[in-house]
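J.: Just a sequence and a predicted model for now, questions to come.
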Amino acid sequence: MPIKNRLAETHDEITGWRRHLHENPELMFDVHETAAFVVDRLKEFGVDGITTGIGKTGVVATIKGKTNTSGRVIGLRADMDALPIVEATGLDYASKVAGKMHACGHDGHTSILLGAAQYLAETRNFDGTVVLIFQPAEEGGGGGREMCKDGLMDRWNIQEVYGLHNMPGLPVGEFAIRPGPLLASADEFEIVVTGKGGHAAAPHEAIDTTLAAAQIVVSMQSIVARNVNPVKRVVVTIATFETDSNASNVIAHTVRMTGTVRTLDPDERAMAEDRVRRVALNTAEAFGATAEVHWEEGYPVTVNSEQETEYAIQAARRVTDKVDTETDPIMPAEDFSFMLEERPGAYIFLGNGDTAMCHHPAYQFDDDAIPMGCSWFVELVEARMPAS
């Protein structure tokens, strides 16, 4: 079950694109040069239409098959943005932009989709239309949501949508997927506890916000321990804790905490928000303080639809016999979830080998995975829209 021969031939070219993007990372929606690079390649391939500025800086392109008797339209998505991380790989093609790095492999995802686009534009061995989706701001900006708000699905009449993400720890070229929840939702919160500042020598004259806030941190763990069904997954994290004083002899007047809640179930997501609010407010009150909770709803659960997951599995098996169809869900979030809320589809993991994890300064995308990823996209298109 080999990769497509043509994709093996263009491997070095696609690798060159990937390394160029790696050297020139851009953040969030500010991916103007990356988008321009994508557009230039698409023009070279001779795709049928290119639209820019979708979801602020996203790129959408179409490739029509030799025939279109099926009327089928399939969307393929890649993310383009990098992370605000100082690279520590020592690579010859390491980031040339201070404080920015492709530490999650989005340069690889973009290049894989470009490689598939080049092949599909050359061969057009399918009956229908492919919509190529190059998305900005996956890393916290909700670029997928913004593209959907701009009418992505309806404007291009997308009927199914698919994406992939590299997976460190999974051998290079292997695939992993499951139907149903695959990645978690991720909501952020801020808790501000206010008491009465004072002198450390006279705690009875103050309302100790540090003590109250510390108890909130401890009590938050009861949400998972005592409110969540043990067979389900919820993660509550207090990530920052700061007082308005840095003196050792001062009782702070306010404490600010931030954190996240991650779940794989919408009902658990709503329950966790309610419990975070109740624990913070009531614990602070028990200590004579007050608490304000600010909640920011983030990415929803990434849910693979049943039938489309089977299509994704079949395409992967035509590339390799190393396909895990029952991989465990994981708790990071992914804003491809917004696209899956609007259309049926599937998200698959592509092995990246024994590398540092994503979002680590030493992370490296393995270019040997490129032909496998390109072939998966192509197999998906040709199988779902067979040439008439």
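T.: Thanks, I have it. Numbering: from 1, shown residues only.
J.: any idea how far D92 lies from Y363?
T.: Distance of D92 to Y363, given as Cβ to Cβ, to the nearest Å: 16 Å. For the C-beta atoms, the positions are set from N, CA and C on the backbone; glycine is no exception.
J.: Those two: which is more packed in?
T.: For the pair D92 and Y363, the greater number of neighbours falls to Y363 (23 against 7), based on other Cβ atoms under 10 Å.
J.: give me phi/psi at the more buried one?
T.: The phi and psi torsions at Y363 (degrees, to the nearest 10) take the values phi -60, psi 140.
J.: can you confirm R77 is in a helix?
T.: No - using DSSP: H, G, I helix; E, B strand; the rest coil, the assignment for R77 is strand, not a helix.
J.: Beta-bridge partners for it, please?
T.: Note on R77: beta-bridge partners by DSSP bridges are I133, G163.
J.: Buried ones in stretch 269-277, by neighbour count?
T.: Using 16 or more other Cβ atoms under 10 Å as the test for burial, stretch 269-277 gives R269, M271, A272, E273, R275, V276.
J.: same deal with stretch 231-241?
T.: Here stretch 231-241 shows R233, V234, V235, V236, I238, F241 as buried, counting by 16+ other Cβ under 10 Å.
J.: Equivalent analysis for stretch 117-133, please.
T.: Residues of stretch 117-133 classed as buried by neighbour count (16+ other Cβ under 10 Å): 117-121, 123-124, 126-133.
J.: Repeat that for stretch 214-234.
T.: Neighbour-count burial for stretch 214-234, counted by 16+ other Cβ under 10 Å, picks out A214, Q215, I216, V217, S219, M220, I223, V224, V228, R233, V234.
J.: can I get those residues in TSV with secondary structure?
T.: Output for those, formatted as TSV (three-state DSSP):
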residue	secondary structure
A214	helix
Q215	helix
I216	helix
V217	helix
S219	helix
M220	helix
I223	helix
V224	helix
V228	coil
R233	coil
V234	strand
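J.: so which of those comes closest to D187?
T.: Nearest to D187, judged by Cβ to Cβ, of these is V234 at 11.0 Å.
J.: Mind jotting down where the helices sit in the protein?
T.: Assigned by DSSP state H, the helices in the chain fall at 5-9, 11-23, 32-45, 106-123, 143-149, 152-155, 209-227, 266-286, 306-317, 336-342, 370-384.
J.: Which one of these lies nearest to K100?
T.: When these are compared by Cβ to Cβ, helix 11-23 sits nearest K100, at 10.5 Å.
J.: That closest one relative to helix 370-384, how many degrees between them?
T.: 110 degrees (axes from the mean of the first three to the mean of the last three Cα atoms, to 10 degrees).
J.: Give the buried residues for helix 11-23.
T.: When neighbours are counted by 16+ other Cβ under 10 Å, the buried residues of helix 11-23 are found to be H11, I14, T15, W17, R18, R19, L21, H22, E23.
J.: pLDDT and distance to A36 added to those residues, as a markdown table?
T.: Formatted as a markdown table, the buried residues of helix 11-23 follow (pLDDT from 0 to 100; distance: Cβ to Cβ, whole Å):
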| residue | pLDDT | distance to A36 |
| --- | --- | --- |
| H11 | 94 | 24 |
| I14 | 97 | 18 |
| T15 | 97 | 20 |
| W17 | 98 | 13 |
| R18 | 98 | 16 |
| R19 | 98 | 17 |
| L21 | 98 | 11 |
| H22 | 98 | 16 |
| E23 | 98 | 15 |
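J.: Can you tell me which residue sits nearest the middle of this protein?
T.: Nearest residue to the geometric centre of the chain (Cα atoms, centre = their mean): E334, 2.9 Å.
J.: ok, back up a step: among the buried residues of stretch 214-234, which one lies nearest to E310?
T.: So of the buried residues of stretch 214-234, ranked by how close each gets to E310 (Cβ to Cβ), first place is R233, at 24.0 Å.
J.: and P84, how many neighbours?
T.: P84 is flanked by 13 other residues according to other Cβ under 10 Å.
J.: where does it fall, phi/psi-wise?
T.: phi -80, psi 70.
J.: Relative to K100, how far out is it?
T.: To K100, P84 is 6 Å away according to Cβ to Cβ.
J.: Now for these two: what residues contact both?
T.: Taking Cβ atoms under 8 Å, 6 or more residues apart in numbering as the criterion, P84 and K100 both touch L27.
J.: returning to that earlier point: relative to T57, which of the helices of the chain is closest?
T.: Among these, helix 32-45 comes nearest to T57, with 5.4 Å by Cβ to Cβ.
J.: so where's the chain uncertain?
T.: Applying pLDDT under 70 to the chain picks out residues 1-3.
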